[in-house]
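Below are the sequence and a predicted model; questions follow.
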Amino acid sequence: MNEQVFISYKSEEADEANWVKSALETNGISCWMAPACIPGGSSYATEIPQAIRQSKVFVLILSSKAQCSQWIPKEVDLAINEGKIILPFMLENCDLKDDFNFYLTNIQRYAAYENKVTAIEKMLREIRALIGNSGSSEVVRTLAEDKKEENVIHKDTVIQEKEPAEAEKAEVVETVETVVTSETVETAVPETVDAQALYEEGKRYCDGDGVGQDYKKAFELFEKAAKLGNADGLCSLGRCYYDGNGVDKNFNKAFELFTKAAEKGLARAYNCLGVCYYSGKGVKKDFIKAFWYYMKAAEQGYARAQNNLGGCYVNGIGVEKDDAKAAEWYLKAAKQGHVYAQCNIGFCYLFGIGIEKDQVNAFKWYAKAAEQGYAYAQYTLGFCYIKGIGVEKDNAKAVDWFMKSAEQGCAYAQINLGLCYQEGIGVKEDLMKGFWWCKKATEQGVDDLRPNLGFYYDHGDGVEKDLGVCFEYNDSVVKDSANAFELCKKAAAQGQKSSQYVLACYYESGDYIAEDYSAALTWYEKAAEQDHSVAQYRLGEIYYKGELGVKKDYEKAFYWLSKSAEKGHMDAYKLLAECYLLGRGVKPNPIKAKEYRDLYQKAEKDWELFNKGFSKK
């Protein structure tokens with residue numbers, strides 16, 4: 001079959017040529033482009049002239065490099081001789097050589113260097129007018145409903161929505177989804193009230209809106225609406241197949257239904273197609289087409305597509321990387337209340353990605369997302385409060401937000417909440433609760449110190465780094481961290497008491513560094529003097545047992561064990577009971593001995609309850 005458009009390009013600019021080809025073919029325009037369209041064993045010299053003669057339009061991907069090609073001038077010359085319409089797609093605003101200036105005199109040029117999408121849209125309209133193709137160029141919108149999925153971001157935290165789902169609540173993730181309000185979707189064709197009513201009823205069952213959630217019932221209603229030609233019904237039926245709601249998953253069937261709905265001009269159906277092309281589900285993965293659909297949807301003002309488009313620009317997915325455009329689209333979506341976009345634009349403001357760095361605005365947008373219940377935003381907002389980023393420091397509020405996020409399962413919030421409990425930051429010190437939350441995080445596979453201590457540890461930005469928590473309560477974390485010693489040493493030198501304790505553990509154990517008991521004792525003392533209860537206990541134990549090359553000193557042991565016990569350290573209770581019973585470092589006192597022994601036994605039972613996950617409060 002003869003292709004409608006011949007694409008001429010310099011081989012070094014194949015990516016740009018493929019982008020144009022994909023954009024045209026997405027809109028129903030068939031294209032011929034070497035080498036993909038040249039049959040195996042065939043000659044370029046034979047196939048290219050034939051393709052030019054059989055095409056209706058000659059698209060020239062024009063640049064300084066293209067003008068230096070030995071083949072492109074020949075192709076242009078042949079196209080002119082064959083009477084073909086030449087449409088130059090200008091990649092750069094370059095001066096034309098004499099021969100190209102002669103070829104292209106009085107020919108409209110499409111300035112892709114200014115706005116590639118606008119240029120291709122204008123070219124597409126011109127091609128349709130030339131070849132008589134009346135195919136729809138209807139702009140697209142995106143899914144109005146939600147999907148439970150986390151993304152990470154990615155640009156480390158930048159979130160892009162990946163898969164459609166009919167009615168699930170948002171929860172933390174990569175590339176990450178959101179709580180989306182219901183929206184009215186316009187369709188391009190007249191529909192009966194009955195068909196739309198069937199769709200609306202199906203949506204109620206899918207969402208559990210005023211009725212018990214019933215995916216099977218929703219599927220049946222969507223199917224009836226789809227058979228009547230209802231675009232919403234077709235798209236929602238596709239989503240049922242995509243997500244396996246009320247029917248077995250079938251990505252191919254979903255793609256087919258999305259396509260039918262898109263043919264009726266339904267915006268969210270086009271977005272579903274974009275998602276399919278992005279994920280490669282039901283169709284071959286094609287980032288260029290995914291970007292194309294997201295762009296068309298975003299230009300209609302659809303928030304989800306705007307957020308997705310921002311993700312494409314910030315990561316260079318299907319388009320050249322452009323942080324400024326990413327921030328622009330994130331902001332548009334954020335202003336419409338899109339929770340992921342609010343989080344993303346907060347990230348952009350925080351680190352000056354495509355927009356001027358502004359901590360106050362970063363805090364504002366994280367707060368908006370956090371108030372919608374998004375766990376990752378809640379966790380980040382906690383850090384803003386604890387470090388005074390865009391807001392006055394408030395440790396109590398930081399703990400509140402860490403708690404909200406941790407209770408939703410955010411591992412990073414859990415590890416930081418554990419830190420707050422262990423250090424008494426914004427909350428009464430409680431070692432067992434601290435351990436419980438750290439343990440919850442490590443159960444999710446958080447096994448590296450940097451992410452364990454959160455978003456700002458990874459990115460710096462003037463934030464202090466305290467590495468101690470993970471070492472104190474999870475030996476496997478220590479063993480898995482090749483750079484932990486150097487990181488810990490640096491933090492300890494800055495006065496971080498938890499890191500001072502951990503550094504002492506390193507020197508004592510000989511992990512990643514030669515054993516040095518003198519250095520270990522020094523760092524235990526530094527941490528203990530800063531009221532680190534675990535360091536106080538270990539120092540008391542060293543003096544009590546005469547370890548690390550020091551002589552037994554019961555008075556020093558009693559002093560440090562008493563300090564640790566004041567903060568509720570379980571093992572300190574046990575040794576203090578022994579001190580009072582045997583009169584070591586203190587006068588014998590059986591009553592006190594029993595008192596501490598009872599405290600130890602109670603703490604031991606509480607510990608067992610926490611280990612079993614009996615309570616997190």
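Okay, I see it.

how far is stretch 272-282 from where the chain is centred?
With CA atoms, centre = their mean, to the nearest Å as the basis, the distance from the averaged C-alpha position of stretch 272-282 to the chain average is 18 Å.

could you give me the average pLDDT of it?
For stretch 272-282, the mean pLDDT works out to 90.

mind listing what's buried in that stretch?
272-279, 281-282 (16 or more other CB atoms under 10 Å). No exception for glycine: its C-beta is placed from N, CA and C like everyone else's.

you'd agree residue 202 is up against residue 216?
No. Residue 202 is beyond contact range of residue 216, at 10.8 Å (criterion: CB atoms under 8 Å).

Could you list the low-confidence segments of this structure?
In the prediction, the chain carries residues with pLDDT under 70 at positions 1, 133-193, 442, 445-485, 487, 511-512, 606-617.

would you say residue 36 is within a helix?
No. The assignment for residue 36 by DSSP: H, G, I helix; E, B strand; the rest coil gives coil, which leaves it out of any helix.

Specify which residue of residue 202 and residue 216 has the higher count of neighbours.
Taking neighbours as other CB atoms under 10 Å, residue 202 and residue 216 compare with residue 202 leading, 30 against 12.

separation between the more buried one and residue 249?
Using CB to CB, to the nearest Å, one gets 18 Å for the distance from residue 202 to residue 249.

What of residue 227?
With the distance defined as CB to CB, residue 227 ends up 21 Å from residue 249.

Just the CA trace of the longest helix belonging to the chain, in CSV.
With residue count as the measure and DSSP state H as the assignment, the chain has helix 590-611 as its longest helix. What follows is the C-alpha trace of helix 590-611 in CSV, where atoms were taken according to Å, rounded to 0.1, in the frame of the first residue of the first chain:
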residue,chain,number,x,y,z
PRO,A,590,16.5,-5.1,98.7
ILE,A,591,13.4,-2.9,98.3
LYS,A,592,15.1,-0.9,95.5
ALA,A,593,16.4,-4.1,94.0
LYS,A,594,12.9,-5.6,93.9
GLU,A,595,11.5,-2.3,92.5
TYR,A,596,14.0,-2.3,89.5
ARG,A,597,13.5,-6.1,89.0
ASP,A,598,9.7,-5.5,88.7
LEU,A,599,10.3,-2.6,86.3
TYR,A,600,12.5,-4.9,84.2
GLN,A,601,9.9,-7.7,84.1
LYS,A,602,7.1,-5.3,83.2
ALA,A,603,9.2,-3.8,80.4
GLU,A,604,10.1,-7.2,79.2
LYS,A,605,6.4,-8.1,78.8
ASP,A,606,5.7,-4.8,77.1
TRP,A,607,8.5,-5.5,74.7
GLU,A,608,7.0,-8.8,73.7
LEU,A,609,3.7,-7.1,73.0
PHE,A,610,5.4,-4.6,70.8
ASN,A,611,7.4,-7.2,69.0
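
which residues are in contact with that helix?
Helix 590-611 is contacted from outside by 432-433, 435-436, 565, 568, 570-571, 573-574, 576-578, 580-581, 615, using CB atoms under 8 Å, 6 or more residues apart in numbering.

Name the member of those with the most neighbours.
Counting neighbours by other CB under 10 Å, the top entry in the contacts of helix 590-611 is residue 576, with 29 neighbours.

ok now do that one, which residues does it touch?
By CB under 8 Å, 6+ apart, the contact set of residue 576 is 558, 561-562, 565, 596.

Kindly report the same for residue 404.
370, 375, 378, 413.

so of those, which ones are in helices?
Secondary-structure check on these using DSSP H: residues within helices are 370, 375, 378, 413.

Run a quick neighbour tally on the second one.
By the measure other CB under 10 Å, the count of residues near residue 375 is 24.

how about TSV for the ones in helices among the contacts of residue 404, with distance to residue 26 added?
Conversion of the ones in helices among the contacts of residue 404 to TSV gives the following (distance: CB to CB, whole Å):
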residue	distance to residue 26
370	38
375	36
378	39
413	41
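
which two in those are spaced the farthest apart?
In terms of CB to CB, these reach their longest pairwise distance at 370 and 413, which sit 11.0 Å apart.

so what sits against both of the two?
In the contact map built from CB under 8 Å, 6+ apart, the residues linked to both residue 370 and residue 413 are 378, 401, 404.

ok now the helix or strand containing residue 223, how far from the chain's centre?
Taking DSSP states H and E as the criterion, the element that holds residue 223 is helix 215-227. Distance of helix 215-227 from the chain centroid (CA atoms, centre = their mean) equals 33 Å.
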